[in-house]
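> Have a look at this prediction, sequence included:
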Amino acid sequence: MTTENSEHFLDLHQKYVLGTYSPAQLVLNRGSMAKLYDVQGNEYLDFTSGIGVCNLGHCHPRVTEAIQRQAAKLVHTSNLFANENQPKLAHLISEHTFGGKLFFCNSGAEANEGMIKFARKWGQEQGRYEMITMDNSFHGRTLATLAATGREKYRKGFQPDLEGFVHTPFNDIESVKKAVSDKTAAVLVEPIQGEGGVIPAQPEFLRQLRQLCDDKGILLLFDEVQCGMGRTTDLFAHKTYGVTPDATAMAKALGNGFPIGAFEVAKQYGDVLTPGTHASTFGGSPLAAAAGIAVIETIFEEGLLQNCEKMAAQLWGQLHQLKNNNEHVKDLRGSGLMIGLELDSPVGDVLSACRNKGLLALPAGQNVLRLLPPLIIENEHISQAVETIEEALKALDQQQNSQD
């Protein structure tokens with residue numbers, strides 16, 4: 001491929017795609033496990049996983065085969081009819097979580113939106129409709145999930161906010177207690193705030209939230225759209241924390257790139273949403289559910305939770321060494337293979353330098369370098385990534401010195 005090919009696609013993108021993104025000047029056209037390739041044939045080590053989506057890597061053969069096989073058999077019927085795969089996937093998820101019932105949709109925002117509707121429907125007879133969410137949180141781009149999101153920059157331009165959401169500081173149980181009223185239906189929290197800077201909940205905070213919700217007779221909802229599906233070394237972060245919510249939302253890695261989302265409610269709440277109260281045309285289609293089944297079966301049959309734990313230990317160890325030897329790294333936080341390096345300056349130049357050296361990573365806020373490698377990574381990938389980050393930080397040093 002020639003440079004003109006890349007420029008051609010980027011030009012088409014600028015002319016015909018709405019400018020809601022500012023994509024890097026990079027046109028990717030092929031992926032294989034932990035690697036991505038652009039139209040020029042350049043290779044990149046992917047520590048983004050498509051923003052926590054391709055947890056099994058790109059084009060994992062078991063997921064690819066399942067999608068191909070199902071696409072030749074049955075793609076869509078609508079939820080007016082049952083299909084073979086949706087209940088099988090629901091059973092797989094339920095037996096590895098808290099034994100609840102599931103609703104399937106297409107994205108994380110839809111999963112959170114549905115969970116919000118579930119909480120309001122549950123609280124309606126009691127006059128409860130308000131939801132307490134956390135500052136710095138991110139729950140999606142629909143109007144309800146935007147209102148739930150505790151970062152004003154995402155809501156700017158779309159006000160007035162949907163009524164019924166109260167934001168409190170993350171990891172501050174006393175603030176949550178003060179916010180509870182007779183209108184409160186639920187507390188919604190990310191066990192690890194991803195977009196907000198890879199900030200984990202303190203274990204005691206989640207335990208106290210569970211106790212508070214039990215004492216007040218309100219629901220505890222977890223948004224595990226980014227931190228779920230094996231990223232914390234358990235299938236879901238609530239397992240890592242040992243705190244069981246009343247409902248949890250999932251998406252992203254559930255289909256390893258094929259769009260699918262879901263929310264699960266504890267079995268005692270299984271009759272809150274009755275026929276006609278919620279729906280999704282494409283949710284839980286035979287094809288999407290086939291992808292989800294393949295993902296979960298692969299995670300357990302190939303020991304990917306164990307590999308995540310092993311690789312996370314090595315990656316954390318090398319990153320701690322990097323932090324100790326580099327003044328630009330101010331903090332290292334996260335869980336499993338969901339990691340944030342807080343730097344002393346905006347992360348854009350470091351991301352560009354990493355990309356130029358063949359490593360793809362993510363921002364999380366202004367100063368945080370976010371690493372979301374696939375769960376199938378190996379030792380050599382870790383060494384390559386950390387060396388590349390170290391080189392990028394040295395380049396930052398040189399740039400700053402030249403400006404002095």
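Happy to help now that I have it.
> Name the residue closest to the centre of the protein, please.
Here the mean C-alpha position of the chain is nearest to the C-alpha of Gln226 (C-alpha atoms, centre = their mean), at a distance of 1.4 Å.
> Go ahead and confirm that residue touches Gly336.
No: counting by C-beta atoms under 8 Å, Gly336 is not a contact partner of Gln226; they are 11.9 Å apart. All C-beta spots, glycine's among them, are computed from the backbone N, C-alpha and C.
> just to revisit the earlier point, what secondary structure does the residue nearest to the centre of the chain sit in?
Here Gln226 is coil, with the state taken from DSSP: H, G, I helix; E, B strand; the rest coil.
> How about it: what's its closest non-neighbour residue?
Gly194 (4.0 Å; C-beta to C-beta, 6 or more residues apart in numbering).
> Can you report how many residues neighbour the one you found?
25 (other C-beta atoms under 10 Å).
> Could you pull out the buried residues of stretch 257-276?
Along stretch 257-276, these residues count as buried under the neighbour rule (16 or more other C-beta atoms under 10 Å): 257-266, 269, 272-273.
> Out of those, which two sit at the greatest distance?
Gly257 and Val272 (31.4 Å; C-beta to C-beta).
> Any chance of the buried residues of stretch 257-276 in TSV with pLDDT and secondary structure as columns?
Output for those, formatted as TSV (pLDDT from 0 to 100; DSSP: H, G, I helix; E, B strand; the rest coil):
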residue	pLDDT	secondary structure
Gly257	98	coil
Phe258	98	coil
Pro259	98	coil
Ile260	98	coil
Gly261	98	strand
Ala262	99	strand
Phe263	99	strand
Glu264	99	strand
Val265	99	strand
Ala266	98	coil
Tyr269	98	helix
Val272	98	coil
Leu273	98	coil
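> distance of Leu360 from Phe138?
21 Å (C-beta to C-beta, to the nearest Å).
> between the two, which one's more packed in?
Phe138 (24 against 21).
> Now for the more buried one: which residues touch it?
For Phe138, the contacting residues are Thr149, Gly150, Arg151, Tyr154, Glu190, Gln193, Gly194, Glu195, Gly196, by C-beta atoms under 8 Å, 6 or more residues apart in numbering.
> I'd like to know which of those residues are part of helices.
Tyr154 (DSSP state H).
> Just flag the most distant two among the contacts of Phe138.
Counting by C-beta to C-beta, the most remote pair of the contacts of Phe138 is Tyr154 and Glu190, 14.1 Å apart.
> So for the two, which residue has more residues nearby?
Ranked by neighbour count (other C-beta under 10 Å), Tyr154 and Glu190 place Glu190 first, with 27 against 17.
> residue contacts, the closest residue to the more buried one other than its chain neighbours?
Leaving aside its chain neighbours, Glu190 sits nearest to Asp223 (4.7 Å; criterion: C-beta to C-beta, 6+ apart). Going by C-beta under 8 Å, 6+ apart, Asp223 touches Gly108, Asn112, Met115, Ser137, His139, Leu188, Val189, Glu190, Thr248, Ala249.
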